[in-house]
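*Asks:* Everything below, folded, please.
(2 chains)
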Amino acid sequence: GAGVSQTPSNKVTEKGKYVELRCDPISGHTALYWYRQSLGQGPEFLIYFQGTGAADDSGLPNDRFFAVRPEGSVSTLKIQRTERGDSAVYLCASSPLPLSGRVGSTDTQYFGPGTRLTVL
Amino acid sequence: AQSVTQPDIHITVSEGASLELRCNYSYGATPYLFWYVQSPGQGLQLLLKYFSGDTLVQGIKGFEAEFKRSQSSFNLRKPSVHWSDAAEYFCAVTYSGAGSYQLTFGKGTKLSVIP
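*Replies:* Prediction:
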């Protein structure tokens, strides 16, 4: 079946502009994650959605970053007033974790190919 | 805060040689451990995972990893490396009770394979 897809694959923008990055999770997956991978680093957690709600946004670096998932499927990561330091690969992952997941249970996160964001 | 250390930034091995990539995680009562592989321009692909039970886990592409609680380690191994294994490898951890089950990744180990 189809995996996680992300669009665009590459985005070049100018400092100060607004960008939106889209993630289509695997159908039926209720959990969705955004990570950011800077050059030479491992991915770093940004935000987690359980259904439509952002259950954990503790990884968002500041209030220029915002994400939505209005219908519990597709998610959009929005970055306002972009800065050169925002340049990175933004990865999306989804997981079939159920809404009523048991304490102590977890499941595999399946990653998309990422969006490479370059801020000039 | 949970953390993962991959002490080797870059490893080079000859094709057919054995491989071990090291991973240490910060202490957690019940760690869930993962190894992912990332080829250039590709997303992260799960190689294997450890949740509980047998401490030696088998994964795809002939990889295995062993969980050693006493050493807080989860090293990845392969008995005979193929040229197609050249990629970057990431170890990741999450914990029971972590809420969001967000993954914490190491900085990765880049594997080069000499034909």
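
*Asks:* so where's chain A uncertain?
*Replies:* A:1, A:98-106 (pLDDT under 70).

*Asks:* if you set the cut-off to 90 instead, what comes out?
*Replies:* A:1-2, A:28, A:30, A:40, A:50-51, A:53-56, A:72, A:95-109 (pLDDT under 90).

*Asks:* Which positions in it make contact with chain B?
*Replies:* With CB under 8 Å from any CB of the partner chain as the criterion, chain A meets chain B at residues A:3-4, A:31, A:33, A:35, A:40-45, A:48, A:50, A:55-56, A:59, A:91, A:93, A:95, A:97, A:103-104, A:106-114. The C-beta positions use only the backbone N, C-alpha and C, and glycine is treated the same way.

*Asks:* of those, buried ones?
*Replies:* Buried members of these, counted by 16 or more other CB atoms under 10 Å in any protein chain shown: A:4, A:31, A:33, A:35, A:42-45, A:48, A:50, A:56, A:59, A:91, A:93, A:95, A:97, A:106-107, A:109-114.

*Asks:* Among those residues, name the ones in strands.
*Replies:* Using DSSP state E, the members of those that fall in strands are A:31, A:33, A:35, A:44-45, A:48, A:50, A:56, A:91, A:93, A:95, A:110-111.

*Asks:* Of those residues, which pair is most distant in space?
*Replies:* Farthest apart among those by CB to CB are A:44 and A:50. That separation is 19.7 Å.

*Asks:* measure residue B:74 to chain A for me?
*Replies:* 15 Å (CB to the nearest CB, to the nearest Å).

*Asks:* That residue against residue B:50, yeah?
*Replies:* Yes - applying CB atoms under 8 Å, one finds residue B:74 in contact with residue B:50, separated by 6.5 Å.

*Asks:* Name the residues contacting each of these two.
*Replies:* B:33, B:65, B:67 (CB atoms under 8 Å, 6 or more residues apart in numbering or on different chains).

*Asks:* Tell me if the one helix or strand the first one maps to is near chain A.
*Replies:* The secondary structure element spanning residue B:33 is strand B:31-38 (assigned by DSSP states H and E). Yes - where contact is defined by CB under 8 Å from any CB, part of strand B:31-38 touches chain A, namely B:32, B:34, B:36.

*Asks:* Chain A: which of the residues you listed is nearest?
*Replies:* When the residues of strand B:31-38 next to chain A are compared for distance to chain A, the smallest value, 5.4 Å, is given by residue B:32; criterion: CB to the nearest CB.

*Asks:* contacting residues for residue 48?
*Replies:* As the question left the chain open, I've gone with chain A. A:31, A:32, A:33, A:54, A:55, A:56, A:57, B:100, B:101, B:102.

*Asks:* You answered for a different chain; I wanted chain B.
*Replies:* Residues counted as contacts of residue B:48 (CB under 8 Å, 6+ apart) are B:34, B:35, B:57, B:58, B:59, B:60, B:63, B:64, B:65, B:76.

*Asks:* That one should be in a helix, yeah?
*Replies:* No - with the criterion set as DSSP: H, G, I helix; E, B strand; the rest coil, the secondary structure at residue B:48 is strand rather than a helix.

*Asks:* What's the nearest residue in chain B when you look at chain A?
*Replies:* Chain B approaches chain A most closely through residue B:105 (3.2 Å), counting by CB to the nearest CB.

*Asks:* Excluding sequence neighbours, find me the nearest residue to that residue.
*Replies:* In this structure, residue B:105 finds its nearest non-sequential neighbour in residue A:42, 3.2 Å apart by CB to CB, 6 or more residues apart in numbering or on different chains.

*Asks:* about what we covered before: neighbours of the residue of chain B closest to chain A, just the number please.
*Replies:* Burial of residue B:105 is recorded as 22 neighbouring residues (other CB atoms under 10 Å in any protein chain shown).
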